[in-house]
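Visitor: Show me how the following folds:
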Amino acid sequence: MVATEKSDEKEIFVVDDDRSVRDALRMILEKAGYRVTCFADQTAFLVLTRQRNPTCILLDVNLPGRSGLEVLNDLASYPVPVIMISGQGNIPMAVKAIKSGAQDFIQKPIRGEELINRLENILRGPSHRRTVPPKAKQSSSKSPGQQILTLREIEVLEQVAVGLSSKEVGLALGISPRTVEDIRGRLLRKLGVRNSTELIMAASKWNSQPPNTKGLDVAQGRRKAKPIKFTR
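Guide: The predicted structure is shown next:
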């Protein structure tokens, strides 16, 4: 699907059947300087995608009729980034959305500052939507995904893999939520992923590996971190 006419570079399409959500997102985005076109269902939205390309699309998962994930598949060749939004999201749903080509997955209720930060982070990259996440720029002599993880980073990664929040990870490991957030930030850089959803995908792959492939030695009751490689 390719639009025949380019639109304003600051236009955002919002697709959500809940009017209160559409109104809230419109207010957030317009305040940030974007022009917003809202749709209550997929039909009118798909018609307009044949006419022009917005800057980005916010697409709700739980649409009436076909789901937002099914609509996302219709946009496979559409050169516009898509952010999936949901009030009933979970890790498998987020992973499926990213694998299907979404650039991000945001849970409702959506905070205005978080939305704008994540939107602008996406828009700073290539303008077209990709089905395969790009490789991050190398920040050291080792490429992302091949860097050494500390024991604490591995412990946090294993907790992330089962879907725990920063607060829950902190309680499980006896550290503060702020410390967990700092470690999550380091994991994003080391694993070459862009957001929490991709971190969960990387963590899930890590957690599914047999123990002897996780880059750990068990010696005298202690685990030592070794270089590990993630494939995404």
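Visitor: quick one: least confident helix or strand in the protein?
Guide: In the chain, no helix or strand scores lower on mean pLDDT, DSSP states H and E than strand 216-219, which sits at a mean of 35.
Visitor: Domain ranges for this structure, per the record?
Guide: With domains defined by automatic domain parsing, the chain comprises 11-123, 151-225.
Visitor: Can you give me the first-to-last residue distance of the longest one?
Guide: By that I understand domain 11-123. End-to-end distance for domain 11-123, by C-alpha to C-alpha, to the nearest Å: 12 Å.
Visitor: From here on, call the first residue 9.
Guide: All right, first residue 9 from here; so that's domain 19-131.
Visitor: Quick one: mean pLDDT over it.
Guide: For domain 19-131, mean pLDDT rounds to 91.
Visitor: Any chance of the backbone angles for the residue positioned nearest the centre of the chain?
Guide: The centre of the chain sits closest to residue 112, judged by C-alpha atoms, centre = their mean, with a distance of 3.2 Å. Dihedral pair for residue 112: phi -160, psi 170, per degrees, to the nearest 10.
Visitor: ok, it - contacts?
Guide: Residue 112 is in contact with 91-92, 106, 126, 130, 203, 205, counting by C-beta atoms under 8 Å, 6 or more residues apart in numbering. Placement of C-beta: from N, CA and C, glycine included.
Visitor: export the residues you listed to CSV and tack on neighbour count?
Guide: Shown next, in CSV, are these (neighbours: other C-beta atoms under 10 Å):
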residue, neighbour count
91, 21
92, 28
106, 23
126, 19
130, 20
203, 18
205, 22
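Visitor: ok, those vs residue 180, which is closest?
Guide: Closest approach to residue 180 among the contacts of residue 112 (C-beta to C-beta): residue 205, at 21.0 Å.
Visitor: Go ahead and confirm the closest one touches residue 106.
Guide: Yes. Residue 205 lies in contact with residue 106 (C-beta atoms under 8 Å); the separation is 5.3 Å.
Visitor: shared neighbours of the two, anything?
Guide: 112-113.
Visitor: where do the helices sit along this structure?
Guide: For the chain, applying DSSP state H gives helices covering 27-39, 50-57, 76-82, 99-107, 120-131, 159-169, 174-181, 185-199, 204-216.
Visitor: For those helices, could you give me JSON lines that also reports distance to residue 70?
Guide: Shown next, in JSON lines, are the helices of the chain (distance: least, C-beta to C-beta, whole Å):
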{"stretch": "helix 27-39", "distance to residue 70": "11"}
{"stretch": "helix 50-57", "distance to residue 70": "12"}
{"stretch": "helix 76-82", "distance to residue 70": "7"}
{"stretch": "helix 99-107", "distance to residue 70": "10"}
{"stretch": "helix 120-131", "distance to residue 70": "18"}
{"stretch": "helix 159-169", "distance to residue 70": "25"}
{"stretch": "helix 174-181", "distance to residue 70": "25"}
{"stretch": "helix 185-199", "distance to residue 70": "27"}
{"stretch": "helix 204-216", "distance to residue 70": "17"}
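Visitor: Cool, thanks, signing off.
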